[in-house]
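Trainee: Turn this into a structure:
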Amino acid sequence: MPPTDTPGDTPADKPADKPADKPADKNDAKPGAPLADRVDVVVIGAGPAGLMAARALRERGVDFAVIDKKSCIGLPLACGEGVLLHEIEGLGLDFDLHEYGTLSRRQVFVYGALQKRFSIDTFELNRPAFERALAEPVLPQLRLDTRLLDVTETPEAVFVKTSDGTIRARMAILAKGPDDKLPRKLGMTSRRHEMVVAYGGRYEGCDLPDLTWRIDLLDGFGTLNYFWIFPYTATKANVGLGYLNRPGLGINLRREFERVAATQPSLRGARMTLEVGGSIPVSGALDRTFTDRLLACGDFAGHVGALGDGIYYAMAGGKLAGEIAAGAVKRGEFGRDALRVYETRWRAQFGGPLKAGIAFRNILDRAVRAGVALALVRLIPAPLGPAILFDGKLRRTLGLVDRLLPRLPV
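Mentor: Residues are numbered from 1 along each chain as shown. Now for the predicted structure:
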């Protein structure tokens, strides 16, 4: 949930006017044995990034613990739950992904009267159930309801202070979600994340017979914001609104969401059964995602696309972090020279699409301010998002345009 409210906002984490239904897949697992005070690696965060890191550690026989402040796996929801199918299939999961979501091959981008349709395999996760499957092999090492209070790094160890005591570890993997203070304290960056704040919910009673993913681009506050409808079934969908949370934004996000949702024919008569909302870092990765004994991944590291797509990046980064940490522990080799390989590898795997996504958003923002956004969107090929992921030439072109535009008058 957004950590601070812009003027006039209604916080997204307050109860809705009508109580939301409790999800049927709520995880009721409780912590087992007392939290260990010494481990080889402590993973901070039990979302997609932290769970993938934990799985990699377990596979390599490393002693570890996972902590998270939440009380159940997969909740609260803070995103649209959507992924590109082939990306997540490439992560080598040991269970059938298709049991935890819905495949769609139809997408439409809408900007005013302009509609652009295309086809690519997208997958709408039932994220709580999916994350429970991710967590299954590491449940003995998982401690929920455990809040991080501080992280201190010394030449000999990492000390993780929690609400249940302090853990001494040889390494820590930071996968706890967006945080502006801790990365600066640890010397990983000197800047703040730029955040998209999102609000919406799971809806039932929708009219989505063809399972088309819909993304509406919306003008406002000097940028293009977005409204999404991602179907689970013909009658159920994840629906949300994301705004770049710039200083002085001053909107009531819930009211704005309700206004846009009321314009969607497919949502007439539908009802929200679970609120979805949170803050999503969209300004790119930390300046450095490693220190002498720390690795950062997921939202904490800024492993999120510029329009909010982050589940795959979180999982890929978490898996790499677990592999690198396990190797460092087994060799007894720490320090920045030893851990630098982590950043080299994640940048090679998905750094290009992350940078290109930011360049594309910067270009769109500038087009909005110049009053030519509609013309630009009209020229953009519909499946631009997938093209950014796969087309190196396009990524280089976007980067060049992004670097040149600030030199031109708006």
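Trainee: for the stretch 251-400 of the chain, what are the low-confidence residue spans?
Mentor: Filtered on pLDDT under 70, the stretch 251-400 of the chain yields the residue ranges 307-308, 382-400.
Trainee: what ranges do the helices span in it?
Mentor: 253-261, 298-301, 311-331, 336-346, 352-370, 373-379, 384-390, 392-404 (DSSP state H, counting those that start in this stretch).
Trainee: Can you name the residues in contact with the shortest one?
Mentor: This means helix 298-301. 45, 47-50, 174-179, 182-183, 280-281, 285-286, 289, 310, 313-314, 317-318 (CB atoms under 8 Å, 6 or more residues apart in numbering). Every C-beta, even on glycine, is put in place using the N, C-alpha and C of the backbone.
Trainee: Now with 7 Å, please.
Mentor: 45, 47-49, 174-179, 281, 285-286, 289, 310, 314, 317-318 (CB atoms under 7 Å, 6 or more residues apart in numbering).
Trainee: What's the local residue count around Asp121?
Mentor: The tally of other residues near Asp121 (other CB atoms under 10 Å) stands at 14.
Trainee: my read: it touches Thr102, true?
Mentor: No: counting by CB atoms under 7 Å, Asp121 stays clear of Thr102, with 11.3 Å between them.
Trainee: Distance check, Ala129 against Gly74.
Mentor: Distance, Ala129 to Gly74, by CB to CB, to the nearest Å: 7 Å.
Trainee: Which of these two has more residues huddled nearby?
Mentor: Neighbours were counted for Ala129 and for Gly74 using other CB under 10 Å; Gly74 has more, 26 against 18.
Trainee: For the more buried one, which non-adjacent residue is spatially closest?
Mentor: Once flanking residues are discounted, Gly74 sits nearest to Pro128: 3.0 Å by CB to CB, 6 or more residues apart in numbering.
Trainee: Surely the one you found forms part of a helix?
Mentor: Yes: residue assignment for Pro128, taken from DSSP: H, G, I helix; E, B strand; the rest coil, places it within a helix.
Trainee: Give me whichever of the helices of the stretch 251-400 of the chain is most buried.
Mentor: Scoring the helices of the stretch 251-400 of the chain by mean neighbour count under mean count of other CB atoms under 10 Å gives helix 298-301 as the most buried, with a mean of 30.
Trainee: I'd like the distance from it to the chain centre, please.
Mentor: The chain centre lies 8 Å from the centre of helix 298-301; the measure is CA atoms, centre = their mean, to the nearest Å.
Trainee: Please parse this protein into its domains.
Mentor: Per automatic domain parsing, the domain ranges recorded for the chain read 38-353, 354-407.
Trainee: Out of those domains, which one sits most buried?
Mentor: Most buried of those, by mean neighbour count (mean count of other CB under 10 Å): domain 38-353, with a mean of 20.
Trainee: Endpoint to endpoint, it covers what distance?
Mentor: End-to-end distance for domain 38-353: 38 Å, by CA to CA, to the nearest Å.
Trainee: try stretch 169-183
Mentor: 18 Å.
Trainee: again with stretch 137-148
Mentor: 23 Å.
Trainee: what's next to that stretch, contact-wise?
Mentor: The contact list for stretch 137-148 (CB under 7 Å, 6+ apart) reads 29, 31-32, 35, 44, 46, 51, 54-55, 58, 64-72, 135, 160, 162-164, 176.
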